[in-house]
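Asks: What would the 3D arrangement of this be:
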Amino acid sequence: QVQLVESGGGLVQPGGSLSISCAASGFTFSRYAMSWVRQAPGKGLEWVAEFTSGGSTNYGVSVKGRFTISRDNAKNTVYLQMNSLKPEDTAVYYCNAYRTYSDATRNIYWGQGTQVTVSS
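Replies: The predicted model follows:
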């Protein structure tokens, strides 16, 4: 049974830092790209960052330079370190795992989300 369980969300003041994590199980974690995607109140999904199975990282424009994604394949866990947080970073943050096979089929898994609120 595939599971992605996010944790670490909460309330933080503007300019502060927060780290969230996503523990995975039920699939071969090291072979999957891992991403963080967020949804602000009343808005659509916004891709935040990814860490590919090959070791590359990519970031959305709005978070580049402030957020850092990392993964520990031994612990089947992906992390998102968020610094210099702004009120507009307030959102539900979802963990996402995906893998594209040679025949172009794709597996995609989602976590249940963790709330991050940036407010004074």
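
Asks: So residue 78 sits against residue 22, correct?
Replies: Yes - taking contacts as C-beta atoms under 8 Å, residue 78 lies within contact range of residue 22: 4.9 Å. Backbone N, C-alpha and C define where each C-beta goes, glycine included.

Asks: which one of those two has more residues nearby?
Replies: Neighbours were tallied for residue 78 and for residue 22 using other C-beta atoms under 10 Å; the higher tally belongs to residue 78 (30 against 26).

Asks: do you know how far residue 57 is from residue 25?
Replies: As judged by C-beta to C-beta, to the nearest Å, residue 57 and residue 25 stand 23 Å apart.

Asks: swap that for residue 1, sorry
Replies: Plainly put, residue 1 is 8 Å away from residue 25 if you go by C-beta to C-beta.

Asks: same thing with residue 97?
Replies: In this structure, residue 97 and residue 25 are 11 Å apart, going by C-beta to C-beta.

Asks: Ok, residue 52 next?
Replies: Using C-beta to C-beta, one obtains 20 Å as the distance from residue 52 to residue 25.

Asks: ok, those two, which is more surrounded?
Replies: Comparing residue 52 with residue 25 by other C-beta under 10 Å, the one with more neighbours is residue 52, at 14 against 11.

Asks: List the buried residues of the top strand by length along the chain.
Replies: Under DSSP state E, the strand in the chain containing the largest number of residues is strand 91-100. By 16 or more other C-beta atoms under 10 Å, the buried positions in strand 91-100 come out as 91-98.

Asks: returning to what we had before: can you list residues touching both of residue 78 and residue 22?
Replies: Here residue 78 and residue 22 have 34, 36, 95 as joint contacts, going by C-beta atoms under 8 Å, 6 or more residues apart in numbering.

Asks: beta partners of the second one?
Replies: Translated: residue 36. For residue 36, the residues forming beta bridges with it (DSSP bridges) are residue 49, residue 95.

Asks: So what's the residue count around it?
Replies: For residue 36, using other C-beta under 10 Å, the count is 27.

Asks: One more: the first one?
Replies: Here the count is done by other C-beta under 10 Å, and residue 34 has 27 residues near it.

Asks: Please name the nearest non-neighbouring residue to it.
Replies: On the basis of C-beta to C-beta, 6 or more residues apart in numbering, the spatially nearest residue to residue 34 that is not a chain neighbour turns out to be residue 78, at 4.2 Å.
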